[in-house]
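Chemist: heads up, no residue letters with this:
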């Protein structure tokens, strides 16, 4: 079973890096109205050559196109990847901070790691779960209050002690 899981992960059409290239195009077009290879390279702090290689693949796969000025733009397929990726990151980050009490910066880093790994079904169910968890329903409010009042620090110390042994 485990071998099937990691092989399925390797079969993802887009790598973590490719998704970040798409997110860079989206961000740059929002900020400046255009995106060029040099802009993406600067935004991601990588070489223009690596961006050019990535753009070729993303164009071939239908995620990126060019506008009438030959600036890079996302296709509908590319926009969907960006929307899903950002949505997943925000859901995961909220879960890590508000439900698990993690530090904002650590939660942001871990959410970024996870954003490309979970399926759209998991993302959808997690969003639903968090909407219920953070709702104004009495049972949800009581659960969150109990969760926040529980001794997380004691749990963390016990975990560290177990890992040290």
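Modeler: Happy to help now that I have it. Bear in mind the structure is a predicted one, so any value in this text is a computation, not a measurement. Residues are numbered from 1 along each chain as shown.
Chemist: list the contacts for residue 142?
Modeler: By Cβ atoms under 8 Å, 6 or more residues apart in numbering, the contact list for residue 142 is empty. Heads up, the C-betas are built off the backbone N, CA and C, glycines and all.
Chemist: buried sites along the helix or strand hosting it?
Modeler: Taking DSSP states H and E as the criterion, residue 142 maps to helix 138-149. By 16 or more other Cβ atoms under 10 Å, helix 138-149 has no buried positions at all.
Chemist: how is this protein carved up into domains?
Modeler: What automatic domain parsing lists as the domains of the chain is 2-74, 83-164.
Chemist: Any chance of CSV for these, columns mean pLDDT?
Modeler: Listed next are the domains of the chain as CSV, based on pLDDT from 0 to 100:
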stretch, mean pLDDT
domain 2-74, 90
domain 83-164, 85
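Chemist: ok, and which of those has the densest surroundings?
Modeler: Mean neighbour count, computed with mean count of other Cβ atoms under 10 Å, is highest for domain 2-74 among these, reaching a mean of 15.
Chemist: After the longest helix along the chain, which helix or strand is next?
Modeler: Using DSSP state H to define each element, the chain has its longest helix at helix 76-94. Per DSSP H and E, the first helix or strand lying C-terminal to helix 76-94 is helix 104-114.
Chemist: So which elements touch that next one?
Modeler: In terms of contacts (3 or more Cβ pairs under 8 Å, 6 or more residues apart in numbering; DSSP states H and E), helix 104-114 is packed against helix 76-94.
Chemist: wait, what's in contact with the closest residue to residue 93 other than its chain neighbours?
Modeler: What sits nearest to residue 93 in space, not counting adjacent residues and going by Cβ to Cβ, 6 or more residues apart in numbering, is residue 111, at 4.0 Å. Residue 111 is in contact with 88-90, 92-93, 96, counting by Cβ under 8 Å, 6+ apart.
Chemist: I figured residue 89 hits residue 112, correct?
Modeler: Yes. Counting by Cβ atoms under 8 Å, residue 89 touches residue 112, with 6.1 Å between them.
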